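Enquirer: okay, here's the prediction I keep looking at, along with the sequence it came from:
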Amino acid sequence: HGGGSDHSRPMCAMNMSLNWSTDNVCVLFDFWRINSTASLLLSWAAVFLLGYLYEFCRARIRSWETALVSRSALAGSRARLETPLVGSDGIGKSTRIQRAVLYGLMVAYSYSLMLIFMTYNGYLILAVIGGAAAGHYAY
């Protein structure tokens, strides 16, 4: 109970068991709250889209990495011997950095979805699962 804090907004609901609440549920951020049917529907659609786009990103990264392996195999071992910035797998240092950055971003993305799941709100859990399943089906 700190002095000077804004007490006009109630604290976020923190449930530790499966619930179907629509009363003051915070999603990732304090400003993203579910407190009505309209905010529930908008949040459900946003979370579904986040799950769907996660699978889209995974598929795009996977196809990009597959193309890298194909190009690396076509380049042959001669390129590996001539270029010091090419690792033993035939992939250059800048490409390895790109892969590492993309990996880090995808880990952050997946943990964000996990945190949404950990609201234990049944509606949001179904949105994460539904979006991921629809995205996996599509891509």
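Expert: Nice, I can see it.

Enquirer: what is the mean pLDDT for the helix or strand containing Y137?
Expert: Assigned by DSSP states H and E, Y137 belongs to helix 122-138. Per-residue pLDDT over helix 122-138 has a mean of 98.

Enquirer: and that helix, which residues are buried?
Expert: Across helix 122-138, burial judged by 16 or more other Cβ atoms under 10 Å covers Y123, L124, I125, A127, V128, G131, A132, G135. Backbone N, C-alpha and C define where each C-beta goes, glycine included.

Enquirer: between the residues you listed, which sits nearest R33?
Expert: L124 (12.3 Å; Cβ to Cβ).

Enquirer: which other helices and strands contact the helix holding Y137?
Expert: Applying 3 or more Cβ pairs under 8 Å, 6 or more residues apart in numbering; DSSP states H and E, one finds that helix 122-138 contacts helix 37-82, helix 93-117.

Enquirer: least confident of those helices, on average?
Expert: helix 37-82 (a mean of 86).

Enquirer: thinking again about what came up before, nearest to N15, of the helices and strands packed on helix 122-138?
Expert: Where the helices and strands packed on helix 122-138 are weighed against each other on Cβ to Cβ, the nearest is helix 93-117, at 12.6 Å.
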